[in-house]
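Visitor: Quick check, what structure comes out for this input:
(one chain, ligands or ions: 1)
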Amino acid sequence: MTNNCILVGNLKINPLWLAPMAGVTDKPFRTLAREQGCDLAFTEMISGKAIEFKNPRTWDMLDIEGESPIGVQLFGSCPQVLAAAAKVAQAEGARLVDINMGCPVPKIVGNGEGAALMRHPQLAETIVRQVAAAVSIPVTVKIRAGWDKTSINAPSLAQRLAAAGASAITVHGRTREQMYSGKANWEIIAQAVKAVDIPVIGNGDIWKGRDALAMQEQTGCAGIMLARGALGNPWLFAEVKAALEGREYQPPSLDQRIEMSIRHLRMELAYRGQDRGLLFMRKHLAWYLKGMPGTAALKGEIFTCTCSRTIEDMLLSYIKNHR
Ligand SMILES: Cc1cc2nc3c(=O)[nH]c(=O)nc-3n(C[C@H](O)[C@H](O)[C@H](O)COP(=O)(O)O)c2cc1C
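Guide: Below you'll find the model as predicted:
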């Protein structure tokens, strides 16, 4: 039960990390996670090629100004392109750069990117070697347990990537075949921990403070990465931190949940503008309301409403009626 600092290359860092999540972990969300105790946040995965071609939407994702510590996650399959993109990330202020070798989406793996790299350890190794040679910040890699249950290779791949210059490895204990279903296999994380002498960050199925304790105990991982458990629940960081430090945790009240959702909404509107902000927030609002009593109709109304002021009013009257 510890909350000890980890050494990732030359970077001293605390152990509770926010996972990269595409379409989710933007600047406002990262800000809320940090307020609750997140020690290191990542951008969502960013295409190395899109950085090369200076795609404007991609540059928006690289907005990390004023955030520290922050990691930029890159995806791609060409070592030279990823090395050049890593240099850009470093110049933008990233404290570390992470290579995505876990994305299971058909469009990505079909291009030989994301989890497809787990089937090509030689290329994965070359990518890490070239990216690490291109930047002075630490390079980390996020992998899965393996491609499918017949080809579990996280421990041996972690070894190869560490030898190629990776400073830490995050292991999501599911295979590509599982996508996001089933349970994450923490035993594979434990095996990866034993296989390498760089920090291994455990990822998969942390929904409560006690899950983090159990993961630490069962795997010996140096750090923990939270993902879906934090959706609509940035307090998960506070809960896990309390568990790691052996403190009591007081969950937020219904009022506090609704207040947070409104604050998040306002932050996104300020960040993205009215229309794009509102569209982006729909999924987040649904996550905030998940599990709250009697919100089915409210969710439907929010999804069809195009006025943020009206949405705020709906959320506030929900609290009044449920006190
Ligand atoms: C909406 C969503 C987007 C994600 N995007 C990324 C991504 O950009 N890069 C990445 O490495 N993993 C991504 N993931 C995977 C998570 O980082 C994490 O590995 C996975 O959800 C397992 O952790 P969990 O069981 O705690 O959710 C994404 C997951 C979700 C749900």
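Visitor: Taking the stretch 51-200 of the chain, what residue is nearest to the ligand?
Guide: residue 172 (3.9 Å; C-beta to the nearest ligand atom). C-beta here means a position set from N, CA and C on the backbone, and glycine is covered the same way.
Visitor: ok, that residue - how many residues close by?
Guide: 29 (other C-beta atoms under 10 Å).
Visitor: buried stuff in the longest helix seen in the chain?
Guide: Counting residues, the longest helix found in the chain (DSSP state H) is helix 254-272. Under the neighbour-count criterion of 16 or more other C-beta atoms under 10 Å, helix 254-272 has 257-258, 260-262, 264-265, 267-269, 271-272 buried.
Visitor: Format the residues you listed as a markdown table; extra columns: pLDDT and distance to the ligand.
Guide: Formatted as a markdown table, those follow (pLDDT from 0 to 100; distance: C-beta to the nearest ligand atom, whole Å):
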| residue | pLDDT | distance to the ligand |
| --- | --- | --- |
| 257 | 97 | 20 |
| 258 | 97 | 23 |
| 260 | 98 | 19 |
| 261 | 98 | 18 |
| 262 | 98 | 22 |
| 264 | 98 | 16 |
| 265 | 98 | 19 |
| 267 | 98 | 19 |
| 268 | 98 | 16 |
| 269 | 98 | 21 |
| 271 | 98 | 18 |
| 272 | 97 | 17 |
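Visitor: In TSV: those, plus distance to residue 42.
Guide: Shown next, in TSV, are these (distance: C-beta to C-beta, whole Å):
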residue	distance to residue 42
257	25
258	28
260	21
261	23
262	26
264	19
265	23
267	18
268	18
269	24
271	18
272	19
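Visitor: List just the nearest of the residues you listed to residue 289.
Guide: residue 261 (7.4 Å; C-beta to C-beta).
Visitor: so who does the closest one touch?
Guide: Residues near residue 261 by C-beta atoms under 8 Å, 6 or more residues apart in numbering: 232, 284-285, 288-289, 315.
Visitor: go with 6 Å
Guide: 285, 288 (C-beta atoms under 6 Å, 6 or more residues apart in numbering).
Visitor: give me the number of residues near the nearest residue to residue 240 once chain neighbours are set aside?
Guide: Spatially, and ignoring its direct neighbours in sequence, residue 240 is nearest to residue 212 (4.4 Å; C-beta to C-beta, 6 or more residues apart in numbering). For residue 212, the neighbour count with other C-beta under 10 Å is 25.
Visitor: Let's verify residue 212: helix, strand, or coil?
Guide: When classified by DSSP: H, G, I helix; E, B strand; the rest coil, residue 212 comes out as helix.
Visitor: Next, work out how far apart it and residue 245 are.
Guide: 11 Å (C-beta to C-beta, to the nearest Å).
Visitor: ok, now residue 111?
Guide: For residue 111 relative to residue 245 (C-beta to C-beta), the value is 43 Å.
Visitor: Residue 172 - that's part of a strand, no?
Guide: Yes - assignment of residue 172 by three-state DSSP places it within a strand.
Visitor: Can you check what pLDDT the model gives it?
Guide: Here, the pLDDT recorded for residue 172 equals 98.
Visitor: Which stretches in the protein count as helices?
Guide: Going by DSSP H, the chain shows helices at 27-35, 48-52, 56-61, 79-92, 106-109, 121-134, 154-164, 186-195, 209-219, 236-244, 254-272, 274-289, 296-304, 308-321.
Visitor: Out of these, the one nearest residue 11 is which?
Guide: Closest among the helices of the chain, using C-beta to C-beta: helix 79-92, at 12.5 Å.
Visitor: and the closest one, what other elements does it pack with?
Guide: helix 48-52, strand 70-75, helix 121-134 (3 or more C-beta pairs under 6 Å, 6 or more residues apart in numbering; DSSP states H and E).
Visitor: can you tell which of those is closest to residue 250?
Guide: Nearest to residue 250, of the helices and strands packed on helix 79-92 and by C-beta to C-beta, is strand 70-75 at 28.6 Å.
Visitor: hey, C-alpha coordinates of the closest one in CSV?
Guide: Below are the C-alpha coordinates for strand 70-75, written out as CSV (Å, rounded to 0.1, in the frame of the first residue of the first chain):
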residue,chain,number,x,y,z
ILE,A,70,2.1,15.9,-19.3
GLY,A,71,2.8,13.1,-21.7
VAL,A,72,2.0,13.1,-25.4
GLN,A,73,0.9,9.8,-26.8
LEU,A,74,1.7,9.1,-30.4
PHE,A,75,0.6,6.4,-32.8
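Visitor: where's it relative to the chain centroid, distance-wise?
Guide: 10 Å (C-alpha atoms, centre = their mean, to the nearest Å).
Visitor: Offset the numbering so it begins at 34, please.
Guide: Sounds good: first residue 34 from here, last item strand 103-108.
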